[in-house]
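> Have a look; sequence and predicted model below, questions after that.
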Amino acid sequence: MKRLEITDAEMMMLVVQNEISRSEDARYDHRLHGILLVSRGFSCYEVASMLGHTPRTIENWVNRFEDDGLAGLQEKLRSGRPPKIEKQELNRIGKDLRRDPRDFGYEQNLWDGKLLGYHLSKEYNISLGVRQCQRMFHVLQFRRRKPRPVIANADPVAQKLFKKNCVKIFNAQT
């Protein structure tokens with residue numbers, strides 16, 4: 001039989017590894033293949049090279065398989081990073097955001113990431129960056145509001161005339 005070759009094998013290997021990492025079932029099957037290769041006599045180094053992992057990872061799979069059988073190769077819940085802010089504090093912060101920033105002695109009249117970061121450090125002794133504070137707005141289901149610019153000493157009659165003229169011009173062009 002003629003030896004087959006895959007064009008751009010390096011890229012295809014990355015694509016397949018990416019696909020394996022996306023699915024719990026695919027990761028489980030991938031671990032099974034690793035165990036199968038070790039049971040066929042390949043070393044952890046050889047299997048790691050073939051599957052794109054470290055030898056220590058393959059060794060961990062083998063140890064888990066030896067200890068718990070097939071169940072040892074299945075996905076387990078991962079705790080992840082513990083949150084900096086507990087649920088109760090998050091609710092309190094949400095209540096703070098529903099109030100006017102001036103109630104807390106701030107000069108701004110709308111909340112933004114920078115002000116929330118300052119508020120959290122002052123009131124809750126929590127240090128978060130501006131971007132994390134913006135994410136917190138999203139978590140608490142707030143949307144970003146920006147004040148409309150107000151032209152100083154503007155003539156309201158001239159503004160209405162301008163708007164009416166813009167509409168007439170726009171309608172005439174279409």
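Here it is on my side, so go on.
> switch to C-alpha atoms for all contacts and neighbour counts from now on
Noted.
> Which of the helices or strands spans D96?
According to DSSP states H and E, D96 maps onto helix 87-97.
> model confidence over that helix, on average?
Averaged across helix 87-97, the pLDDT comes to 91.
> Quickly find the element holding the residue sitting nearest the centre point of the chain.
Nearest to the geometric centre of the chain sits R135, at 9.6 Å (CA atoms, centre = their mean). R135 belongs to helix 130-139 when elements are defined using DSSP H and E.
> Tell me the helices and strands packed up against that helix.
In terms of contacts (3 or more CA pairs under 8 Å, 6 or more residues apart in numbering; DSSP states H and E), helix 130-139 is packed against helix 113-119.
> Helices along this protein, start to end?
9-22, 24-39, 44-51, 55-68, 87-97, 113-119, 130-139, 156-173 (DSSP state H).
> Can you tell me which of those is most buried?
Most buried of the helices of the chain by mean neighbour count (mean count of other CA atoms under 10 Å) is helix 113-119; its value is a mean of 19.
> For it, what is the distance to the chain centroid?
Relative to the centre of its chain, helix 113-119 is centred 21 Å away, using CA atoms, centre = their mean, to the nearest Å.
> what residues does that helix touch?
S127, L128, G129, V130, R131, Q132, C133, Q134 (CA atoms under 8 Å, 6 or more residues apart in numbering).
> Nearest to C44 among those?
Of all the contacts of helix 113-119, C44 sits closest to Q132, with 41.3 Å by CA to CA.
> any idea how far the closest one lies from I85?
12 Å (CA to CA, to the nearest Å).
> Low-confidence stretches in this structure?
144-147, 164-174 (pLDDT under 70).
> what does the domain assignment say about it?
As assigned by automatic domain parsing, the chain contains the domains 9-73, 87-139.
> Excluding sequence neighbours, find me the nearest residue to I126.
L120 (5.4 Å; CA to CA, 6 or more residues apart in numbering).
> who's in contact with that neighbour?
I126, S127, L128.
> What values do phi and psi take at the first one?
Here the main-chain torsion angles of I126 (degrees, to the nearest 10) amount to phi -120, psi 130.
> how close does it sit to R98?
Taking CA to CA, one finds I126 at 19 Å from R98.
> Same question for the second one.
Note on S127: its distance to R98, by CA to CA, is 21 Å.
> and the two? which has more neighbours close in?
A direct count of neighbours by other CA atoms under 10 Å for S127 and R98 places S127 higher, at 15 against 11.
> just the angle between the helix holding D96 and helix 130-139, please?
90 degrees (axes from the mean of the first three to the mean of the last three CA atoms, to 10 degrees).
> And for helix 87-97, what's in contact with it?
W111, L140.
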